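[1] Could you work out the structure for the sequence below:
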Amino acid sequence: KGKIVADGPAKTVCAKFQESITDSIEMIVDFANSGVPDSQYKLAQCYKDGDKVEKNMELYETWIAKAASQGHTQAQVQYADILFSKNTEGAIAEAKALYLSAAKQGNNEARLKVSTLFNDKKSLGDIEELRNIMLQLAQIGHPINKLHYGVLLLNTAWNDNDRKEAFLWIEKSVVEGNLDAMHYLGAMYLEGIGVQRNIELGISYLEQSAEGNQMDSIKMLIDLYTKGRIIAKNDEKVFYYCLKGAKLGNARMQFQVASMYHEGMGTAVDNEEAEKWFTIYSNSQLVNCQLIAADQLKQFPVDT
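    Okay, here's the model as predicted:
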């Protein structure tokens, strides 16, 4: 519309252009109708939350079912939840199949549900009893207990109400300054789990958590800024968080920082810093063996 919306290196601007396309409701609908599972899942969430479109739970179920049929794991879990709530023999059998499919693809929520459903009915009672105990602990008031209860609800959620309640308890823990809870809240905003999807707010929580040296948030931000999947690629941000993680002792990030200094990616070329971090990385790989060797020498002295 005759306005500059981005100005910078080609890689950065192209990533922003791609992000603007994939986030527009017109393109989401177009890709969803073309059979793209990620877009079908996005469109389902839009209808569920009333985001960019009028809220419509029937269309939510229609599109979440389509995404699930194409192997989108989170869609499979959500659609299986819908089927399970119908409480008919056929619906429960289909739900089990979807949970199993998502579990095989690595979805942890699905794995827990599969282990529960394919076990015996006592497992459901055990989960409910555990929830009651953790709720009582959460109500005492310590932020870590609120986080634990929220995560338990998240991991054992059978419907969206469970996820919404999980979000509320994790949010309470965040208000009281828990950095681990802040990481969970950021991730939930990014994926729209238990709350309406808000990428900007999700990134903000992850960045606050990362500034407090929460390693999971640091790793997630590196992954997001590297892939440019839901936010624009940003090599400078990748370098910033890799350096933060490297200083905290993460060996993989130490190697990545050394490589980025060497190649001038996200930072200026600095061979001296590259050599320093390659050395730190190399030495870190020997530490465990040195500790084991020292422990063994105490017990079984050998000639050296």
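
[2] low pLDDT regions in the stretch 201-304 of the chain?
    287-288, 290-291, 299-304 (pLDDT under 70).

[3] Surely A274 touches F255?
    No - look at A274 against F255 with C-beta atoms under 8 Å: they stay out of range, at 10.6 Å. C-betas here are computed from N, CA, C, even on glycine.

[4] Could you measure from L153 over to L201?
    21 Å (C-beta to C-beta, to the nearest Å).

[5] Which one of those two is surrounded by more residues?
    Ranked by neighbour count (other C-beta atoms under 10 Å), L153 and L201 place L153 first, with 25 against 15.

[6] Need the residues that contact the helix or strand containing Y60.
    Per DSSP states H and E: Y60 is located in helix 57-69. Helix 57-69 is contacted from outside by 32, 37-38, 40-41, 43-45, 47-48, 75-76, 78-80, 82, 98, using C-beta atoms under 8 Å, 6 or more residues apart in numbering.

[7] Give me the subset of those lying in helices.
    Judged by DSSP state H, the contacts of helix 57-69 include 32, 37-38, 40-41, 43-45, 47-48, 75-76, 78-80, 82, 98 as members of helices.

[8] Start from the N-terminal end of the protein and give the strands.
    Counting by DSSP state E, the chain has no strands to list.

[9] any idea which residue sits dead centre in it?
    Central residue of the chain (C-alpha atoms, centre = their mean): A187, 4.8 Å from the mean position.

[10] Distance of that one relative to S284?
    A187 is 28 Å from S284, by C-beta to C-beta.

[11] go on, L206?
    L206 sits 25 Å away from S284, going by C-beta to C-beta.

[12] E272 too?
    Distance from E272 to S284, by C-beta to C-beta: 19 Å.

[13] Between these two, which is the more surrounded one?
    S284 (16 against 8).

[14] Would you check that my belief about the more buried one contacting A251 is correct?
    Yes - between S284 and A251 there is a contact under C-beta under 8 Å: 4.7 Å.

[15] buried ones in stretch 253-268?
    Neighbour-count burial for stretch 253-268 flags M253, Q254, F255, Q256, V257, A258, M260, Y261, H262, G266, T267 (criterion: 16 or more other C-beta atoms under 10 Å).

[16] re the thing from before, so what pLDDT did the residue nearest to the centre of the chain get?
    Listed pLDDT for A187 reads 95.

[17] hang on, it packs against L201?
    No - under the criterion of C-beta under 8 Å, A187 makes no contact with L201, lying 11.5 Å away.

[18] and the nearest residue to I25 once chain neighbours are set aside, backbone torsions?
    Nearest non-adjacent residue to I25, counting by C-beta to C-beta, 6 or more residues apart in numbering: K52, 4.1 Å away. In terms of degrees, to the nearest 10, the main-chain angles of K52 are phi 70, psi -20.

[19] list the buried ones in stretch 128-136?
    Neighbour counts using 16+ other C-beta under 10 Å place M134, L135 of stretch 128-136 among the buried residues.
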